[in-house]
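Colleague: Next one to model:
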Amino acid sequence: MGNAHLVTEPSHSRVIGMADIENNRTTSIDIKIIRDHIPAHCFQPSTLRSIAFVLHDLSFYFAFLAGTLYIINYVDSWTCFVLCYVIFPYLAGICLTGLWVLGHEAGHGAFSNNNAVATSVGFLIHSAMMSPYFAWKSSHARHHQHMNNLSTDPNYVPPLYKEYGRVFGNHTGRSDWDDMMEDAPIVVFLRILLQQLIGWPWYLLSHITAGSNSSPRKSRGWWDNSHFLPNSSLFRTDEFWKILASDAGILAMCAALYILGQNFGFVFIFWTYVLPLIWVNHWIVMITYLHHTSPSLPKYTPESWTYLRGAFATVDRDPGFVLRHMFHHIIDTHVVHHLFPRIPHYHSQEATEAIKPLLGAYYHVDRISLWRALWIAFTECQWVEPDSDKTVKANVYNSRPDTLEADARGVLWYRPGCS
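Modeller: Numbers count the residues shown, from 1 in each chain. Next comes the predicted model:
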């Protein structure tokens with residue numbers, strides 16, 4: 001596939017082509033061909049197996065909690081502080097993030113073939129972690145339908161260079177950007193800290209980073225883009241009661257926390273729940289951001305976008321053995337997840353290995369550390385523009401030589417810049 005290129009049909013087609021331009025040969029491939037390369041059992045969730053993973057994550061959480069409560073009886077106050085406010089929240093956050101991923105899997109139909117079971121489990125898990133289950137399920141489904149489309153994707157849509165320049169008062173282009181193309185390291189660090197601390201609740205409240213046409217209805221203002229508002233622009237009118245149910249689930253969790261706080265003390269609730277939840281928010285943002293933000297990944301204009309192009313413009317990363325296991329392979333098998341979100345996580349590795357030979361160069365994987373990748377994304381991925389040379393090297397445009405130039409304009413690449 002060294003000379004292969006993606007060739008797409010009109011906008012929403014799922015057909016691409018593995019083409020050799022020099023020899024004028026094209027072999028069509030579509031989502032069915034990719035699916036046929038995956039063993040059929042990979043698409044079959046097991047309710048008992050899925051529930052076992054829920055119990056697995058809860059067991060780890062309560063084991064860490066019991067161990068911490070036991071140890072703090074025999075250590076000095078400083079060690080007690082470190083255990084309760086640093087070590088335990090970090091470990092518990094990993095367990096609860098894995099649990100949140102299972103709730104996300106329930107929303108995709110990959111948890112169980114029994115819809116009542118999947119909905120109940122997903123609703124309980126996400127409500128327990130202050131995530132509006134039905135609301136986010138709705139917007140996340142649109143992300144899967146329109147991933148990497150600059151107009152309609154709800155997640156991490158970068159600005160074009162003219163839009164980016166206007167933020168800094170540059171209305172004429174990039175000629176005077178040379179002195180402002182990067183932030184000082186401390187600024188980058190503070191930007192990362194801000195995103196990782198408040199990025200998730202900020203997104204739920206404001207739908208930040210969404211494409212201009214990613215909502216079903218026209219927004220009435222900044223306040224109308226919230227996942228918590230039943231008649232928000234983010235939702236269809238027939239989703240009103242489901243969004244209200246999401247809010248009720250979160251309110252019920254708040255009431256439960258208040259009762260627990262009265263019985264066990266609010267300091268106890270802070271270090272056993274609030275601090276781990278902050279880590280969960282961090283991991284949610286980091287995982288989703290790095291799946292779709294990299295100098296090696298393109299974005300597409302609506303005219304050049306197709307489902308497969310969008311699905312291929314994501315990257316699998318290697319978080320190491322522990323996080324691979326605890327996060328249920330959401331990081332290292334994300335490409336196949338975007339192609340077939342109904343595949344349960346315990347089959348995703350097998351499915352990924354099955355399609356790798358077929359995808360070849362169109363399968364993206366990056367094995368650098370997540371923290372290094374986060375730094376690169378913040379420093380090198382601020383805005384997008386066409387880059388014909390990069391498009392040619394990446395093999396992501398139409399295979400007909402007479403359409404290369406026009407098609408390349410719809411394939412956009414990240415560029416560095418300051419915040």
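Colleague: Just the strands from this structure, written as ranges.
Modeller: 16-20, 25-29, 298-300, 316-317, 365-366, 383-386, 411-415 (DSSP state E).
Colleague: Mind giving me the packing neighbours of the fourth one?
Modeller: In terms of contacts (3 or more CB pairs under 8 Å, 6 or more residues apart in numbering; DSSP states H and E), strand 316-317 is packed against helix 334-339, strand 365-366. Where you see a C-beta, it was placed from the backbone N, CA and C, and this is true even at glycine.
Colleague: Name the residues that touch it?
Modeller: Contacts with strand 316-317, where a contact means CB atoms under 8 Å, 6 or more residues apart in numbering, come from 290-291, 331-335, 352, 363-368, 370, 373.
Colleague: can the helices and strands packed on strand 316-317 go into JSON lines with extra columns for distance to Gly261, mean pLDDT and mean neighbour count?
Modeller: Formatted as JSON lines, the entries for the helices and strands packed on strand 316-317 read as follows, by distance: least, CB to CB, whole Å; pLDDT from 0 to 100; neighbours: other CB atoms under 10 Å:
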{"stretch": "helix 334-339", "distance to Gly261": "37", "mean pLDDT": "96", "mean neighbour count": "24"}
{"stretch": "strand 365-366", "distance to Gly261": "42", "mean pLDDT": "94", "mean neighbour count": "15"}
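Colleague: Kindly reformat these as a markdown table containing distance to Ser46.
Modeller: Shown next, in a markdown table, are the helices and strands packed on strand 316-317 (distance: least, CB to CB, whole Å):
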| stretch | distance to Ser46 |
| --- | --- |
| helix 334-339 | 18 |
| strand 365-366 | 27 |
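Colleague: Check the gap between the residue nearest to Asp183 when sequence neighbours are not counted and Thr97 for me.
Modeller: Leaving aside its sequence neighbours, Asp183 sits nearest to Cys418 (CB to CB, 6 or more residues apart in numbering; 4.7 Å). Here Cys418 is placed at a distance of 31 Å from Thr97 (CB to CB, to the nearest Å).
Colleague: Tell me which of the two has more neighbours.
Modeller: Taking neighbours as other CB atoms under 10 Å, Cys418 and Thr97 compare with Thr97 leading, 26 against 18.
Colleague: shouldn't the more buried one be in contact with Met286?
Modeller: No - between Thr97 and Met286 there is no contact under CB atoms under 8 Å: 9.8 Å.
Colleague: low-confidence ranges in the stretch 151-300 of the chain?
Modeller: Counting by pLDDT under 70, the stretch 151-300 of the chain contains low-confidence ranges at 168-182.
Colleague: in the stretch 301-419 of the chain, which ranges drop under the pLDDT threshold?
Modeller: Within the stretch 301-419 of the chain, the segments meeting pLDDT under 70 span 394-408.
Colleague: What are the boundaries of the helices in it?
Modeller: Along the stretch 301-419 of the chain, the stretches classed as helices by DSSP state H, counting those that start in this stretch are 307-312, 321-326, 334-339, 345-359, 370-380, 388-394, 404-408.
Colleague: Just put those in a markdown table and tack on distance to Pro159.
Modeller: Formatted as a markdown table, the helices of the stretch 301-419 of the chain follow (distance: least, CB to CB, whole Å):
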| stretch | distance to Pro159 |
| --- | --- |
| helix 307-312 | 18 |
| helix 321-326 | 31 |
| helix 334-339 | 23 |
| helix 345-359 | 30 |
| helix 370-380 | 15 |
| helix 388-394 | 18 |
| helix 404-408 | 20 |
